[in-house]
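Student: Here you go, sequence then predicted model.
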Amino acid sequence: MTRRGLFAPLIGAFAAACSPLAALNTLGPRDRGAGRMAKGVRYGDDARQMMDVYAPAGAASLPVLVFFYGGGWDSGSKDVYGWAAQALAARGFVVFLPDYRVVPQVRFPRFIEDAAAATARAGELAATYGGEAGRLGVLGHSAGAHLAMMIALDRRYMAAVDRPDLIRAAAGLAGPYDFLPFDVAASQKAFGRAPDPTLTQPVTFARADAPPLWLGHGTADTVVHAEDTTILNDRMQAVGGRSEARLYPGLDHADLIATFSPLFRKKAPVLDDVVGFFRRELA
């Protein structure tokens, strides 16, 4: 998929990564003080255009986050990531956790359009669950980080849902941001039909007036190399944008999001770093 073989190990590595993450949802401990406030909230007509909402008990006037899970643009479910959304909610956020359409049902740019539609709907519903739409950020892991960065950087997506200025900050965990050419099946299926491949890449849209970015990556990640984070961070800073990057020694692709769980939180302060960024930028 990339000149660095970004997705060469995707099928095996991501399958291995997803099973433990799913187990965290059913067997792992959850953060207290927050929970799921709504399930299956629609933002479109398709069966996958639904989201769950997590918030602290008695939430009022809180910042809002929209979290996009990973899955290589062809898999994943919000039902597997409730523990991650709850970890964020327990730290004082109203968190929307959407599903989105994936390959082979759709291809680029439909899953990014879903991300924009879900984010716009989150803005509309924020007050219902104790959140403030004027303090909204997006984040994601892996392919979800790609979605978050695309709707934060490429103005067209949020403009298409009539909310061009809704996103105030964006964070990416182990995201692919610069992965041309499409040289393996996974990238060809998701992006191969794009008339202009450069328009599929978050790095293309680095701009000075973008929302502030936080980018995190594990140095042992062999599914999406840490180089992607470094490239996007450098490009943002070169054009005068606000961006910060954090590399976590020894963490692999699944580790980065697994540290949101109480079971693995001591491995690295990823959750604290993400929460600190959003608290600062959405204050």
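Tutor: Good, I have the coordinates. Numbering: from 1, shown residues only.
Student: Make sure residue 111 is actually in contact with residue 100.
Tutor: Yes. At 5.1 Å, residue 111 and residue 100 qualify as touching, with contact defined as Cβ atoms under 8 Å. (Glycine included, C-beta is placed from N, CA and C.)
Student: which residues do the two both contact?
Tutor: Shared contacts of residue 111 and residue 100 (Cβ atoms under 8 Å, 6 or more residues apart in numbering): residue 147.
Student: So which of the two has more stuff around it?
Tutor: residue 100 (29 against 24; other Cβ atoms under 10 Å).
Student: and the gap between that one and residue 169?
Tutor: Shown here: residue 100 relative to residue 169, a distance of 20 Å by Cβ to Cβ, to the nearest Å.
Student: Repeat that for residue 236.
Tutor: With Cβ to Cβ as the criterion, residue 236 and residue 169 are 13 Å apart.
Student: any residues in contact with both of those two?
Tutor: Taking Cβ under 8 Å, 6+ apart as the contact criterion, the residues that touch both residue 236 and residue 169 are residue 213.
Student: Residue 281 contacts residue 212, correct?
Tutor: Yes. The pair residue 281 / residue 212 is scored as a contact, 5.3 Å apart, by Cβ under 8 Å.
Student: Just list what the lengthiest strand in the chain packs against, helices and strands only.
Tutor: Criterion DSSP state E: the longest strand present in the chain is strand 131-141. Strand 131-141 is packed against strand 62-68, helix 110-125, helix 143-153, strand 167-173, helix 270-281, with contacts defined by 3 or more Cβ pairs under 8 Å, 6 or more residues apart in numbering; DSSP states H and E.
Student: right, so of the ones you listed, which gets closest to residue 221?
Tutor: Each of these has some distance to residue 221 by Cβ to Cβ; the shortest is strand 167-173, at 10.1 Å.
Student: got the angle between the closest one and helix 143-153?
Tutor: Put simply, strand 167-173 runs at 150 degrees to helix 143-153, going by axes from the mean of the first three to the mean of the last three Cα atoms, to 10 degrees.
Student: What average pLDDT does strand 167-173 get?
Tutor: Throughout strand 167-173, pLDDT has a mean value of 99.
Student: Name the residues that touch that strand?
Tutor: Here strand 167-173 has contacts from 119, 134-142, 145-146, 148-149, 151-153, 158, 211-217, 229, 232, 256-257, 270, 274, 277-278, 281-282, using Cβ under 8 Å, 6+ apart.
Student: Can you flag the buried ones in those?
Tutor: 119, 135-142, 145-146, 148-149, 151-153, 158, 211-217, 229, 232, 256-257, 270, 274, 277-278, 281-282 (16 or more other Cβ atoms under 10 Å).
Student: what about the strands in the chain?
Tutor: Applying DSSP E to the chain gives strands spanning 34-42, 50-56, 62-68, 94-98, 131-141, 167-173, 213-218, 243-248.
Student: Distance to residue 181 for these - can I get that in TSV?
Tutor: Output for the strands of the chain, formatted as TSV (distance: least, Cβ to Cβ, whole Å):
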stretch	distance to residue 181
strand 34-42	37
strand 50-56	33
strand 62-68	24
strand 94-98	29
strand 131-141	23
strand 167-173	22
strand 213-218	22
strand 243-248	24
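Student: Residue most distant from the centroid, this structure?
Tutor: residue 58 (25.9 Å; Cα atoms, centre = their mean).
Student: Would you reformat the helices and strands packed on strand 131-141 as a markdown table and include distance to residue 206?
Tutor: A markdown table is the format used below for those (distance: least, Cβ to Cβ, whole Å):
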| stretch | distance to residue 206 |
| --- | --- |
| strand 62-68 | 20 |
| helix 110-125 | 17 |
| helix 143-153 | 7 |
| strand 167-173 | 12 |
| helix 270-281 | 18 |
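Student: Tell me which of those sits nearest to residue 192.
Tutor: helix 110-125 (14.0 Å).
Student: for the record, mean pLDDT for that closest one?
Tutor: pLDDT averaged over helix 110-125 gives 98.
Student: One more: stretch 227-247?
Tutor: 98.
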